[in-house]
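> one predicted model, sequence on top.
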Amino acid sequence: MGVHKVSCRFAGIAGGVLSVMLGSVAPAMAGSDVDRLSVSAGWFDIFDDQDSAEFRLEYRFGKTFLGFIKPWVGAEANLDGGLYGGGGVLVDIRLGNRIVVTPSFGVGLYSDGNSKNLGNTVGFRSQIEIGYQFDNQSRVSLGLSHTSNAHLNDNNPGVEVAMIYYHIPVAALFGK
């Protein structure tokens, strides 16, 4: 089975699990949160042969809409010149006081530089994270994302990225 088929199956299973989780833990997602600046480092193209280090900077809004959905915007770059900038939505699902599971989805623009050709400038990113929230509302999390052009083009190899994030409350950056 090819990596693309595995990625598609992973996305389908993750979507099904997310649907069940959203239906069963909606009260744990309600309410606004703090804005966070998220920085991360990780491994680009973990399941293929064009791997590289990757770095991300994201702004995650704390204010929710529809009671639990939050927007995000961000940029990412790998050491082979691949660049992605985009935005989307995320949901923080709290499992107790400390553990937070965060599925997200976004769309953006990708330039491959000398990195993996994803077949189109438009790229869709889905991601799942599991994190630990500290008393000061900062978080550390591990994430796995998949970015592809969603078959806007016949060439749609997709890429998976494993990341470690540190999420800093914006107010803490300004001494509040």
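Right, received. Where do you want to start?
> CA only for contacts and neighbour counts going forward, please
Noted.
> spatially nearest residue to the residue positioned nearest the centre of the chain, not counting backbone neighbours?
In the chain, the centroid-proximal residue (C-alpha atoms, centre = their mean) is Q127; its distance is 3.9 Å. Using C-alpha to C-alpha, 6 or more residues apart in numbering and skipping residues adjacent in sequence, the residue nearest Q127 is S145, 4.0 Å away.
> what does G85 give?
Nearest to G85 is A75, by C-alpha to C-alpha, 6+ apart, at 4.3 Å.
> pretty sure the one you found is touching G106, no?
No: A75 sits out of contact with G106 when judged by C-alpha atoms under 8 Å, with a separation of 11.5 Å.
> hey, what's in contact with both of the two?
Common contact partners of A75 and G106 (C-alpha atoms under 8 Å, 6 or more residues apart in numbering): G86.
> these two: who's more crowded?
A side-by-side neighbour count of A75 and G106, using other C-alpha atoms under 10 Å, places G106 first with 20 against 17.
> wait, the more buried one sits on G85?
No: in terms of C-alpha under 8 Å, G106 does not count as a neighbour of G85; the distance is 9.8 Å.
> over to the closest residue to N149 other than its chain neighbours: give its phi and psi.
Excluding its sequence neighbours, the residue lying closest to N149 (C-alpha to C-alpha, 6+ apart) is G123, at 4.6 Å. The phi/psi pair for G123 (degrees, to the nearest 10) reads phi -130, psi 140.
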